[in-house]
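S.K.: Predicted model and sequence below, questions to follow.
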Amino acid sequence: MAKHDLETRRLSKLRTYAIDQALSEFEREYPGSSPEPIVASICAYEEEGNIGSVLDQMPATIDGRAYTTLVVVDGGDDKTATIARSYPGVKVIEFPVNLGHGVALQVTYRYCVERGVDYLVTLDADGQNDPAEMADVLGPLLADEADFVVASRRLGVDETTDRFRKTGVRFFSFIMNRMTGANLTDTSTGYRALRVTMLADVIDRLRQDQYQTAELLITCLKRGWRPAEVATVWHPRQSGTTKKGSNWLFGLRYTRVVFATWWRER
């Protein structure tokens, strides 16, 4: 067997082991717990300066409906998990090591599929998304008008100042629309609402450790699931710096994910 294949198998088994450890600890921490039909999930990596503020803003209900808040802590050496656990009712899955945002999302999806959740809302841990808008983001799903709802900063208000990132949002939306036949204005946002039956259809096709937003969206569109957009206000990060790397590195990696997923799903 080639050295590359052995390394891939080793890393895959280590990742599986780390996830199993995290889920076993979750079951010990919350024995017999069941989520509400709606889950709001926040994936966080070293966001101790922001996670508390985000959780403070989580509404009591989403449009009058009960929901479960799930924080998936992607490893790290700070107090993100400790802060999240201090909030009553918040459930925390904590990875023992950093596995990547895409892996944290995949674990979130499987959690919802395996526990019979109906709808999932994902939002960022850095304070850029407003939790009060979750009812708007979820609305097209509840009305059965869509299966995948994107919160678009281009339809709403983008308060950030990074022109490179704003150009990237437009560029990737154009490329992905051409690839899929969709007509979306913001294809690289992590603020979205997802029908869990859709996730059950695509979960085994997802591979990306990072930049999984593009992979999920392209896969769902190619398999015929219905997209929609709602306007959002996109705030500057509350504190700290992005974990996505420099603009150029992020752009190159995201481009690779977009074209690799399109080639696989074409």
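M.R.: The structure has been received and is ready for your questions.
S.K.: All the helices of the stretch 1-150 of the chain, in order from the start?
M.R.: Secondary structure of the stretch 1-150 of the chain (DSSP state H, counting those that start in this stretch): helices at 3-29, 51-56, 80-85, 101-114, 134-142.
S.K.: tell me what the longest one is packed against?
M.R.: So that's helix 3-29. strand 91-94, helix 101-114 (3 or more Cβ pairs under 8 Å, 6 or more residues apart in numbering; DSSP states H and E). From N, CA and C alone the C-beta is placed, and that goes for glycine too.
S.K.: Residues touching the shortest one, excluding its own?
M.R.: Contacts of strand 91-94 from elsewhere in the structure, counted by Cβ atoms under 8 Å, 6 or more residues apart in numbering, are 22-23, 25-26, 29-30, 33, 35, 68-73, 81, 84-85, 107-108, 111.
S.K.: can we see that at 6 Å?
M.R.: A22, F26, Y30, L70, V71, V72, V73, A81, A84, R85 (Cβ atoms under 6 Å, 6 or more residues apart in numbering).
S.K.: before we move on, back to that, in CSV: the helices and strands packed on helix 3-29, plus mean neighbour count.
M.R.: As requested, the helices and strands packed on helix 3-29 are exported to CSV (neighbours: other Cβ atoms under 10 Å):
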stretch, mean neighbour count
strand 91-94, 22
helix 101-114, 22
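S.K.: any chance of the ones you listed in a markdown table, with distance to V54 and mean pLDDT too?
M.R.: As requested, these are arranged in a markdown table below (distance: least, Cβ to Cβ, whole Å; pLDDT from 0 to 100):
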| stretch | distance to V54 | mean pLDDT |
| --- | --- | --- |
| strand 91-94 | 14 | 98 |
| helix 101-114 | 15 | 96 |
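S.K.: Quick one: residues contacting V202.
M.R.: Applying Cβ under 6 Å, 6+ apart, the residues contacting V202 are T219, C220.
S.K.: pLDDT weak spots in the chain?
M.R.: 1-4, 242-245 (pLDDT under 70).
S.K.: rerun at 80
M.R.: 1-5, 238-248, 250 (pLDDT under 80).
S.K.: how close does D74 get to D118?
M.R.: 25 Å (Cβ to Cβ, to the nearest Å).
S.K.: Mind checking which of these two has more residues around it?
M.R.: D74 (26 against 15; other Cβ atoms under 10 Å).
S.K.: Give the burial count for R15, as a bare number.
M.R.: Count around R15 with other Cβ under 10 Å applied: 16.
S.K.: same thing with R163?
M.R.: 9.
S.K.: repeat for D204
M.R.: Neighbours of D204 (other Cβ under 10 Å): 9.
S.K.: E229 belongs to a helix, doesn't it?
M.R.: No. Per DSSP: H, G, I helix; E, B strand; the rest coil, E229 lies outside any helix segment and is strand.
S.K.: Look up the closest residue to it, ignoring the ones flanking it.
M.R.: Distances taken as Cβ to Cβ, 6 or more residues apart in numbering place S152 nearest to E229, at 4.5 Å, with adjacent residues excluded.
S.K.: ok so, going back, and A125, which of the helices of the stretch 1-150 of the chain is closest to it?
M.R.: Smallest distance to A125 across the helices of the stretch 1-150 of the chain (Cβ to Cβ): 5.3 Å, for helix 51-56.
S.K.: packing partners for the closest one?
M.R.: helix 80-85 (3 or more Cβ pairs under 6 Å, 6 or more residues apart in numbering; DSSP states H and E).
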